[in-house]
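**Q** sequence first, then the predicted structure:
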Amino acid sequence: MQARLRELDDLLKRLVGQGSLPQRRTMILEWTLSSLALDGIALLQAGRGPAGGVETRASLGSLSAIAPLLAAELSWTGIPTKQGTLPLPPGSDRHDALLCCPLNVENGTPWSALVLQGPHIEETARARAEYLLAAAAHLRDILETERGKAPFNEGPVHASDLPPNLALHTEGLRLPLYVCDLQGRFSYASPAFLELTGYTSLEALAQSQGFFREPEKRAAELERMQNRGRVESFPLAMTTGSGGMLQVRDSAVSLGNSILGVFFDVTELLATNAELQEALQVQELLHDDMLASAKASQRTQDVLQRTQGAAIRSLARLAEYRDPETGYHLQRICEYTRLIAMQVHLRAPYSFRITAEYANDISLSVTLHDIGKVSIPDHILLKPGKLDPEEWEMMKKHAVFGWEVLHKADRELGEQSFLTLAASIARSHHERFDGKGYPEGAAGDQIHLSARIAAIADVYDALTTARPYKEAWSHERAVAEILGQAGIQFDPVLVAIFRDLNDQFADVRRRFPG
């Protein structure tokens, strides 16, 4: 029995947010027909407004034939207020018993009813009363909603005022839901809400002192929510029943003289974010220290940078020699990356900043992004046509091959160097912002900033370059493609920068053709 009731609840949950009210009504009728093993079932409503009329579901088709007669003969003021046998209307040659169950009653007169048909129907209804009551409760709520009666539209809400199935859904879904008046006094709290906040009962919650750690802020939020008619979301800090602190996002809406809200625990999220911010600050300090040390020996640094640049360009040419179709590919991608990275330095769109020197380092290290291609067999790397799936899987490994070579060399140096950035770019420049790239399927900020920048530069150059298997795209078409991939393939912050720089990209393309 419980399994069948859970089946009904599961069906309703699947329809919430996507199924229309008529779809839910039909589904409940079909479930009731099956659960009570009826010959037929009909939902009758007073014939006023768009909801009036008759809806039937009949396993044998019998009720379909007599439902119109029922609608014609039934006097709405005469529907019994208690369950009883309704005789067949004149003209019907069927003699199966019918049972009429009123659903919605207004001023003592029902305006909707559920009619069941089948042998020994009264005994069946009594034996399976739980099924019938569950279906009736859901149908009653749907019909009230269709007639435009919104719950909580008059006066303060109390637990006894809630719709019959609200507790079922909030407890089944374990929603931490509460209801309070406009002064913030709680009148209902779901079990999940009490569990989250650490209180044993609604009474214990109502009697707590200092529940909200910033009562003035809470009072301002309650005032803001009044008469808004839409869901508001606020950050709140509160004291739990055990004396601890809980950080939540309160999503709430004003409904007449009451407020309905749901708490979402963000304590761990905020703590993790604080740790991340601290780590970024430490990283920035270390970076500043490294720059300060570099300034103490600027001449030595200049020599090292020239040596570093020569080494990087020499390594990059290894991959370029294997793929003669690239032309000025390395020069172009270096310039594209420099343009974007310098704007990240100037605009500082993230919670951390990068220096101009760091932007220059990225534009130099990016030339090693395809160094791993030296490990790809010629019959795959130089294939003029489209790669088959097995060949494509081998080609994708160039990202890992490149990272392994550069990471090993970086470790041998014993500290961070220009190879550190180059290794990150080589490994991750084919990752996607939505997590569907390779080799790791990293997403969003999990992808190193340098690789997110390199991805846009690399794809723009690939789109606008002719290859044996494709023609070069126009600048305008390539720009439109990249803008359309914001938040999907590429970091949307960087795409916005690219949009502003696209004329300069076109100029680089003209200066270094190929």
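**A** Received it, and whenever you're ready, just let me know what you need.
**Q** buried residues in stretch 175-192?
**A** Neighbour-count burial for stretch 175-192, counted by 16 or more other C-beta atoms under 10 Å, picks out 175-181, 186-190, 192. C-beta coordinates here come from the backbone N, C-alpha and C atoms, glycine included.
**Q** wait, I meant stretch 380-399
**A** 380, 381, 391, 394, 395, 396, 397, 398, 399.
**Q** follow-up on the earlier one: in JSON lines: the buried residues of stretch 175-192, plus pLDDT, secondary structure and distance to residue 237.
**A** Converted to JSON lines, these look like this (pLDDT from 0 to 100; DSSP: H, G, I helix; E, B strand; the rest coil; distance: C-beta to C-beta, whole Å):
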{"residue": "175", "pLDDT": "75", "secondary structure": "coil", "distance to residue 237": "21"}
{"residue": "176", "pLDDT": "84", "secondary structure": "coil", "distance to residue 237": "16"}
{"residue": "177", "pLDDT": "84", "secondary structure": "strand", "distance to residue 237": "20"}
{"residue": "178", "pLDDT": "86", "secondary structure": "strand", "distance to residue 237": "16"}
{"residue": "179", "pLDDT": "85", "secondary structure": "strand", "distance to residue 237": "21"}
{"residue": "180", "pLDDT": "85", "secondary structure": "strand", "distance to residue 237": "17"}
{"residue": "181", "pLDDT": "83", "secondary structure": "strand", "distance to residue 237": "22"}
{"residue": "186", "pLDDT": "87", "secondary structure": "strand", "distance to residue 237": "17"}
{"residue": "187", "pLDDT": "83", "secondary structure": "strand", "distance to residue 237": "23"}
{"residue": "188", "pLDDT": "84", "secondary structure": "strand", "distance to residue 237": "22"}
{"residue": "189", "pLDDT": "85", "secondary structure": "strand", "distance to residue 237": "18"}
{"residue": "190", "pLDDT": "83", "secondary structure": "coil", "distance to residue 237": "21"}
{"residue": "192", "pLDDT": "84", "secondary structure": "helix", "distance to residue 237": "20"}
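**Q** mind picking the two most distant members of these?
**A** For these, the farthest-apart pair by C-beta to C-beta is 181 and 192; their separation is 21.1 Å.
**Q** so which other helices or strands are in contact with the helix or strand harbouring residue 195?
**A** Assigned by DSSP states H and E, residue 195 belongs to helix 191-197. Applying 3 or more C-beta pairs under 8 Å, 6 or more residues apart in numbering; DSSP states H and E, one finds that helix 191-197 contacts helix 166-172, strand 177-181, helix 202-206, strand 245-255, strand 258-265.
**Q** what about 10 Å?
**A** helix 166-172, strand 177-181, strand 186-189, helix 202-206, strand 245-255, strand 258-265 (3 or more C-beta pairs under 10 Å, 6 or more residues apart in numbering; DSSP states H and E).
**Q** and those as TSV, adding distance to residue 496?
**A** Converted to TSV, the helices and strands packed on helix 191-197 look like this (distance: least, C-beta to C-beta, whole Å):
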stretch	distance to residue 496
helix 166-172	41
strand 177-181	39
strand 186-189	44
helix 202-206	46
strand 245-255	27
strand 258-265	29
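**Q** lowest mean pLDDT across these, which one is that?
**A** Between those, the lowest average pLDDT goes to helix 166-172, which shows a mean of 50.
**Q** so what are the domain limits for the chain?
**A** 2-146, 159-265, 297-511 (automatic domain parsing).
**Q** nearest to residue 281, of these?
**A** Between these, domain 297-511 lies closest to residue 281; by C-beta to C-beta that is 8.3 Å.
**Q** looking at the helices and strands packed on helix 191-197, which is nearest to residue 475?
**A** strand 245-255 (43.8 Å).
**Q** what residues does residue 349 make contact with?
**A** Neighbour list for residue 349: 343, 491, 493, 494, 496, 497 [criterion: C-beta atoms under 10 Å, 6 or more residues apart in numbering].
**Q** any idea which helix or strand carries the fourth one?
**A** The reference is to residue 494. Here residue 494 sits within helix 492-511, counting by DSSP H and E.
**Q** may I see the buried residues of that helix?
**A** Quick answer for helix 492-511 (16+ other C-beta under 10 Å): 493, 494, 495, 497, 498, 501, 502, 505, 506, 508, 509.
**Q** quick one: residue 176 and residue 263, what's the gap?
**A** 5 Å (C-beta to C-beta, to the nearest Å).
**Q** which neighbours do those two share?
**A** Joint contacts of residue 176 and residue 263 (C-beta under 10 Å, 6+ apart) are 189, 190, 192, 193, 196, 197, 248, 250.
**Q** cool, thanks, talk later.
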